[in-house]
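Undergrad: Fold the following and give me the result.
(3 chains)
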Amino acid sequence: MSKSKTEAGNFFEDFKVGQEFAHATPRTLTEADAALNTALFGSRFAVNSSDVFARAIGLPRAPLDDLLVFHVVIAKTVPDISYNAVANLGYAEFRWGALVYPGDTLSARSTVLGLRENSNRQSGVVWVRSIGTNQRGEMVLDYVRWVMVNKRAAEAPVAAPVVPKTAAAVAPADLLVPAGLTLEGYDDGAAGSSDRWEDYEPGERIDHVSGITVEDSDHMFSTRLYQNTARAHFDAYAGKNTRFGRRLAYGGHVISLARALSFNGLANGFRVAAINGGSHVGPTFGGDTIYAWSEILEKAPLTGRDDTGALRVRTIAAKDCPCDSWPGKGADGKYHPAVVLDLDYWLLIPR
Amino acid sequence: MSKSKTEAGNFFEDFKVGQEFAHATPRTLTEADAALNTALFGSRFAVNSSDVFARAIGLPRAPLDDLLVFHVVIAKTVPDISYNAVANLGYAEFRWGALVYPGDTLSARSTVLGLRENSNRQSGVVWVRSIGTNQRGEMVLDYVRWVMVNKRAAEAPVAAPVVPKTAAAVAPADLLVPAGLTLEGYDDGAAGSSDRWEDYEPGERIDHVSGITVEDSDHMFSTRLYQNTARAHFDAYAGKNTRFGRRLAYGGHVISLARALSFNGLANGFRVAAINGGSHVGPTFGGDTIYAWSEILEKAPLTGRDDTGALRVRTIAAKDCPCDSWPGKGADGKYHPAVVLDLDYWLLIPR
Amino acid sequence: MSKSKTEAGNFFEDFKVGQEFAHATPRTLTEADAALNTALFGSRFAVNSSDVFARAIGLPRAPLDDLLVFHVVIAKTVPDISYNAVANLGYAEFRWGALVYPGDTLSARSTVLGLRENSNRQSGVVWVRSIGTNQRGEMVLDYVRWVMVNKRAAEAPVAAPVVPKTAAAVAPADLLVPAGLTLEGYDDGAAGSSDRWEDYEPGERIDHVSGITVEDSDHMFSTRLYQNTARAHFDAYAGKNTRFGRRLAYGGHVISLARALSFNGLANGFRVAAINGGSHVGPTFGGDTIYAWSEILEKAPLTGRDDTGALRVRTIAAKDCPCDSWPGKGADGKYHPAVVLDLDYWLLIPR
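TA: Reported below is the predicted structural model:
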């Protein structure tokens, strides 16, 4: 009878293409999540910091940080999708929808898009589309993620592989501009920079200068806040017997740190609208100091809007390595050993 | 004149049976306390996480975590009752009353029920009944606690011993079901489990599987949040000269971790209604990883309610010891050395 | 093109007397900031803890901690004023104005009052007056601060020195009593002490007894919450190459700890009304345990109020040194090596 009530998560052979999950634990986000996002990452984007600033651009109040929404939604999918995951492999078609405000309650559901067993039969890749919604059913985040998930038993038979096609990047025409946004009232001084859409050029590189050290207490705090149950982050005792010999920081914690650091150079990038792709290149541990730099990949106007444009940005985070040396991917296709994150995304920025 | 303004707490000889205390520092709890409870322990019980879920079962919004209420109330009693305590010895007749919501202001008062000097005359046992109330005077928590408190002077005379009788357990008929609760709208999917009252049987054991590492920063953070002033938790410098040679985590921090871990197996146990007894079996320090397992001790229907029942649960927490080995009390009456908490309590759970 | 978007802060030769700054990133403070202030420092002043207590003395609800307002305002000035500072030298004419409540949005602006190059030409002293305001433009904090700021280039020419005169202390007549305050309803029991204005005497010393250990995670958490970007606090990697060989706790973190510790002896000092002067005597690092003691310097009645008076207090904080030995400044003018803070300020306290 023991363990019968305990969820052990799904293994690779438990998934079926087309299978749907309504994930547990709806979560009402509040002003406290906003404050904690500031305290954990030091983010300074004015739109998320000030109700006065937000109202001046047509919003009812300061919306919650876009990446916070990501962390909360993805965490809900863990018990069903990635509790037995070996690695997070990629993201695609990753778009934010309705803004999320204090008081909103987020839920998440997922559909299995594809499955492919690995040749060693120990594990396989699972593709899911996950959708986060608010209490009115409006989409707040929609993305495809693929993860490598262990099999319970290597010999378990599985169906023929199904590998979904995903877009290489989110097209600018598919970016969603939050309803009600009116940028005439956007105050560069309060936002901390006069650099707008016109001031950035593809190929431009920006060193975000500062570094922030991650403590084990910090990344566990954020990951618990999101109700993420991925075991690798919380258990120093079990961590001793992993290949890293210790706990691993949640990759999303590093994404949020990189975003917060990017304020210095991208202060007017007020909304993360989409992720084109991303890779957690290396592990981050308590005690590591995270730095970041960005490259402007592309600029796109937005249909029907002359007050805001989109910047496609690649942000690289590195640990214990200031980014004025631009650590990245070498000519041999290998990353500099300090790189922990390579993220390709779209920002909305006033024109 | 120095020190004259400083509270040094009461010593054993300062207490009198029948003495009453109105404890200082009323505390308004807010949405932030809810978020911090999630961030500190990773709790995932849907009723405390989602206003939408809470409204579906007849509540005005998500109530605050029951153990948070416990931590806040007990903290208020520390300066008057246990500032000079050597050890927390036990709890009895421990019941929760009105649910606590963001915006409610909690106060606490205590009455001394009993006193018994130890034979070495260095200290004695103090029994108090403490009651936490909200701003309308409604009881939110009512319990008896006994602690061993130092004497200021061993030779100080004390009155004849008075040892109160306390109930061995809270009777099911005495459990308080929150007003307004209507469980037809209880959503197992959102709550994360389809196991209800009928699915549990006395004698059943549940390993809660995951572990969470406690950092010194974490337990100090929670204990300061509750305005608990017990010195052993905050002072690494003085801690060096204690028998442990270091700071000690607040025992309540471990209780909340065990409760959060118990979600995996007891996800529908939406309300801690009472504690029958509990023991902080061993100390927890920064760096320890807490695991937990539970045994179902008893099932009880609740008078006049066919939608919810009570489960009497014993949860044991152990440090640096995964609980699939069920560490507990041996045939010799001694605990496994990894055990840090043995808690006997009543949960409300939908039928 | 690289780095062109990145703010590097102002160097000494960039400042001009009379120059004005409207600092970036307005910040809406919420109930979460109140809870985090409690969790970070363990503060127990009833007026900031309980809406019920606050309403009983004529306020609409519990105002936010005075020092929290200080931390948020001063943090806004960092990118423009002290990003390249070597040291924080002093404060003067430092007064709090309107109380700040959850929902208020704070902004800050500064004016350069004086400039004096150091004889080594490597750096110079910058005096600024900074004013924090709420969303209605009301002053919440007004102070003069002077900091030593590096030059970008030692050889850069600078203007003749201008050294402003600042008051040695804030006169009692200049202290601002919050509007609406009516102290008849002030409840000593709830506040935790019966010692009022009449009970303190100049020369009286109070040991605040308890100590609190600062972890690196704690001081980084608070400093990010305030959106303070001073690099010395966050970067363990760069910290290795500083004269301290490690990260440095934000001096304001120590001020808030000392204030929280001072509750034990000054529980009714419900409002920090002004700072006369202060010095961060020594650095604080993760792992240090902070203790504090205070001396009553002066008592002053307040014009037109017989329900509240002012106490001028000097609080000294020391690390790894319990303060029953009153560590301070010796006859030789040198501080005891354990001292980290010497703060001279005015408290409002009921009569």
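
Undergrad: CA atoms for contacts and neighbours, from now on please.
TA: Fine.

Undergrad: which residues does the closest residue in space to residue A:224 that isn't next to it in sequence contact?
TA: Nearest in space to residue A:224, with sequence neighbours left out and distances taken as C-alpha to C-alpha, 6 or more residues apart in numbering or on different chains, is residue B:42 at 4.3 Å. Residue B:42 makes contacts with A:223-229, B:257, B:260, as judged by C-alpha atoms under 8 Å, 6 or more residues apart in numbering or on different chains.

Undergrad: for residue A:93, same thing?
TA: Counting by C-alpha under 8 Å, 6+ apart, residue A:93 has contacts A:142-144, A:166-167, A:169-170, A:274-276.

Undergrad: Within the sheet, what are the partner strands of the helix or strand encompassing it, with directions?
TA: Element membership for residue A:93 (DSSP states H and E) is strand A:85-96. Using DSSP bridges, strand A:85-96 pairs in its sheet with strand A:139-150 (antiparallel), strand A:271-279 (antiparallel).

Undergrad: Make JSON lines out of those strands and add distance to residue B:308 and mean neighbour count.
TA: Listed next are these as JSON lines, based on distance: least, C-alpha to C-alpha, whole Å; neighbours: other C-alpha atoms under 10 Å in any protein chain shown:
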{"stretch": "strand A:139-150", "distance to residue B:308": "34", "mean neighbour count": "22"}
{"stretch": "strand A:271-279", "distance to residue B:308": "44", "mean neighbour count": "22"}
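
Undergrad: So what's the gap between the strand or helix carrying residue A:55 and the chain middle?
TA: If you go by DSSP H and E, residue A:55 is part of helix A:51-56. Put simply, helix A:51-56 sits 25 Å off its chain's centre (C-alpha atoms, centre = their mean, to the nearest Å).

Undergrad: Can you give me the neighbour number for the residue of the stretch 101-250 of chain A found nearest chain B?
TA: Ranked by C-alpha to the nearest C-alpha, the top residue of the stretch 101-250 of chain A for proximity to chain B is residue A:225, at 3.8 Å. Using other C-alpha atoms under 10 Å in any protein chain shown, residue A:225 is surrounded by 26 other residues.

Undergrad: Give me the nearest residue to it, chain neighbours excluded.
TA: Leaving aside its chain neighbours, residue A:225 sits nearest to residue B:39 (3.8 Å; criterion: C-alpha to C-alpha, 6+ apart).

Undergrad: Then that neighbour would be within a strand, right?
TA: No - going by DSSP: H, G, I helix; E, B strand; the rest coil, the assignment for residue B:39 is helix, not a strand.

Undergrad: and it, what is it in contact with?
TA: Residue B:39 neighbours (C-alpha under 8 Å, 6+ apart): A:221-227.

Undergrad: what do you get if the cut-off is 6 Å, keeping everything else the same?
TA: A:221, A:224-225 (C-alpha atoms under 6 Å, 6 or more residues apart in numbering or on different chains).

Undergrad: now, which of the residues you listed lie within helices?
TA: A:221, A:224-225 (DSSP state H).

Undergrad: how close does the residue nearest to residue A:224 sit to chain C?
TA: With distances taken as C-alpha to the nearest C-alpha, to the nearest Å, residue B:42 is found 17 Å from chain C.

Undergrad: what's the distance between that residue and residue C:199?
TA: Applying C-alpha to C-alpha, to the nearest Å, the value for residue B:42 to residue C:199 is 46 Å.

Undergrad: Count the neighbours of the residue of the stretch 51-200 of chain A at minimum distance from chain C for me.
TA: Residue nearest to chain C within the stretch 51-200 of chain A: residue A:190 (4.3 Å; C-alpha to the nearest C-alpha). By the criterion of other C-alpha under 10 Å, residue A:190 has 21 neighbours.
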